[in-house]
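Novice: based on what follows, work out the 3D shape:
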Amino acid sequence: MGRLDRSDRHGLPAGAAPGPATAADSDFIAVPAKPTAAMLAEGARAGAVSLNTAWQVYQAMLRQAPGDAAD
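Specialist: Numbers count the residues shown, from 1 in each chain. Next up is the predicted model:
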């Protein structure tokens, strides 16, 4: 599984001290190494590209995900 950045993270309440990091605190979520057909189709529609191009973009994003073995 790769990881993608989450843009919906909220900050700590005023005066709260950060505690130990947990998976729930991460800016990343698990994503499948191989997207579903629906994921590829939606990516292709959103980017106005072919399914093959959407697949290549997805693979490139996973290769660049921080924290993976390739880092």
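Novice: next, give phi and psi for the residue nearest to Leu51 when sequence neighbours are not counted.
Specialist: Distances taken as Cβ to Cβ, 6 or more residues apart in numbering put Ala44 closest to Leu51, at 5.0 Å, once the chain neighbours are dropped. Bear in mind the C-beta positions are built from the backbone N, C-alpha and C, glycine included. The phi/psi pair for Ala44 (degrees, to the nearest 10) reads phi -60, psi -40.
Novice: what packs against the helix ranked longest in the chain?
Specialist: The residue-count maximum for a helix in the chain (DSSP state H) belongs to helix 51-63. Using 3 or more Cβ pairs under 8 Å, 6 or more residues apart in numbering; DSSP states H and E, the elements in contact with helix 51-63 are strand 2-5, helix 37-47.
Novice: got the CA coordinates for that helix in CSV?
Specialist: Extracted in CSV, the C-alpha atoms of helix 51-63 (Å, rounded to 0.1, in the frame of the first residue of the first chain):
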residue,chain,number,x,y,z
LEU,A,51,-7.2,5.2,-18.5
ASN,A,52,-3.6,4.3,-19.3
THR,A,53,-2.4,7.8,-18.5
ALA,A,54,-4.4,7.8,-15.2
TRP,A,55,-2.7,4.5,-14.3
GLN,A,56,0.8,5.9,-15.1
VAL,A,57,0.1,9.0,-13.0
TYR,A,58,-1.1,6.8,-10.1
GLN,A,59,2.0,4.7,-10.2
ALA,A,60,4.2,7.8,-10.4
MET,A,61,2.5,9.3,-7.3
LEU,A,62,3.1,6.0,-5.3
ARG,A,63,6.7,5.9,-6.3
